[in-house]
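S.K.: return atomic coordinates for the entry below.
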Amino acid sequence: MEIDAVIEKVLKEKAQLIDRYIEKYMPKRFTEDSVLFKISPPRYRLDLKAINSAISEPFWEFLGRGGKRWRPALFLLVYEALGGTYREWIDFAVVPEVIHNGTLIADDIEDSSKLRRGKPCTYRLFGVDIAANLSNLMYFIPMLALIEKREKVASERARRIYEIYIQEMVNISLGQAIDIAWHKGLTPVSKVSEEQYLQMCVYKTGTLARFAAEMAAVLAGASDDTIEKIGRFAESIGVAFQVQDDILDVVSERFAKRKGGLGMDITEGKLTLMVIHTVQKAEPSDREELMRILGMHTREKALRDKAISIIKKYGSIEYARSVAAKLVQESWNEVDRILLPSEAKETLRILADYLVKREI
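M.R.: A predicted model of the protein is given here:
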């Protein structure tokens, strides 16, 4: 079986399992017996119809569109690679996945996007008010797992997980702030460096991967050094995943169709590693044309195609791929030295390779 097929099979199996545990904390229909209300009982009387209409329905409509669920899979594989049996702490695998989907719903509002995963964005279906409130809830509700499992989690490990959670939630907002400022033109394109782009990705996309891996390592009782190295490896996967997303936006019709067509990042005026590399390497006329198109936030296909052709002209797609691959390989070398040989370790390595090279 080809490596891609192996990983896709693993992700599919894990996704089905994860969705069942997500439903434990975000049920398709809230009732008075739901975990949330057992942990935090209402003082008076619930309007369950309102809660289900404004939370459960839009949540499961969005989650039902798919998604790779690779962050919870990463959590489970890291825990196994450190010698544990993942079913011990599978509830915690839902945390990064629910938060991640919450960030997507918020991103779509902030970017005024039309499509997500091939369907109208949640705010366009249910309203900005419901979508904004839902995304906020999704940042917090999966952490009920730590309360629900508090008798099994040693107090020191629980404290460490809370610390990591707070730090990473702050990081997500920092990354999003930088990204928004860039595509609003608050920092000139020519002034953004590759290192600044990578830091933005570390905050915005590396954060939840790092959180998933570090949480797994904490629960496995790993040393601080191991937790840090595992987290750095996961962070590099998240950054490389974002770089590959940006690449697919300009080269893959199949991928881009779900967002509305090739080059929708150009419509958003989004700064990517490819754009930054092109701006640094291009002739003045090409540089000015690319920056002009980005600043227009145009939906005109001909202009998006023109921008893509400039990016391709300077080898920026190949450059971005090489940077992503190098990031993952260097961080894997560190992890390879501390993890004992196992099936989970090998699957972890293959997962990283798959996420960097995937076609969809």
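
S.K.: quick one: the residue of the chain most remote from its centre from residue 50, how far?
M.R.: In the chain, the residue that sits farthest from the middle, by CA atoms, centre = their mean, is residue 44; the gap is 37.5 Å. When distance is defined by CB to CB, to the nearest Å, residue 44 is 14 Å away from residue 50. In short, each C-beta sits where N, CA and C put it, glycine included.

S.K.: can you give me the strands in the stretch 51-200 of the chain?
M.R.: Using DSSP state E, counting those that start in this stretch, the strands of the stretch 51-200 of the chain run over 115-116, 119-120.

S.K.: what mean pLDDT does the first one have?
M.R.: Okay, so that is strand 115-116. Predicted confidence along strand 115-116 averages 91 (mean pLDDT).

S.K.: surely residue 32 is in a strand?
M.R.: No: counting by DSSP: H, G, I helix; E, B strand; the rest coil, one finds residue 32 to be coil, located in no strand.

S.K.: burial of it, as a residue count?
M.R.: The number of residues packed near residue 32 is 11, by other CB atoms under 10 Å.

S.K.: now it: closest residue in space that isn't a chain neighbour?
M.R.: Nearest in space to residue 32, with sequence neighbours left out and distances taken as CB to CB, 6 or more residues apart in numbering, is residue 46 at 6.5 Å.

S.K.: does residue 281 really touch residue 316, like I thought?
M.R.: Yes: with contact defined as CB atoms under 8 Å, residue 281 counts as touching residue 316 (7.4 Å).

S.K.: who's more crowded, the two?
M.R.: Neighbours were counted for residue 281 and for residue 316 using other CB under 10 Å; residue 316 has more, 24 against 14.

S.K.: what separates the more buried one from residue 127, distance-wise?
M.R.: 39 Å.

S.K.: do the same with residue 291
M.R.: 35 Å.

S.K.: who has more neighbours, the two?
M.R.: The residue with more neighbours, out of residue 291 and residue 127, is residue 291; 21 against 13, by other CB under 10 Å.

S.K.: what about the spatially closest residue to the more buried one that is not a sequence neighbour, how many residues nearby?
M.R.: Nearest residue to residue 291 in three dimensions, chain neighbours excluded: residue 189, at 5.1 Å (CB to CB, 6+ apart). As a burial measure, residue 189 scores 19 neighbours (other CB under 10 Å).

S.K.: just list the residues touching residue 189, thanks.
M.R.: Shown in contact with residue 189 (CB atoms under 8 Å, 6 or more residues apart in numbering): 182, 271, 275-276, 279, 291, 294.

S.K.: make TSV from the residues you listed and add secondary structure, pLDDT and distance to residue 258 to it.
M.R.: Output for the contacts of residue 189, formatted as TSV (DSSP: H, G, I helix; E, B strand; the rest coil; pLDDT from 0 to 100; distance: CB to CB, whole Å):
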residue	secondary structure	pLDDT	distance to residue 258
182	helix	91	23
271	coil	94	21
275	helix	97	21
276	helix	96	25
279	helix	96	27
291	helix	94	27
294	helix	94	22
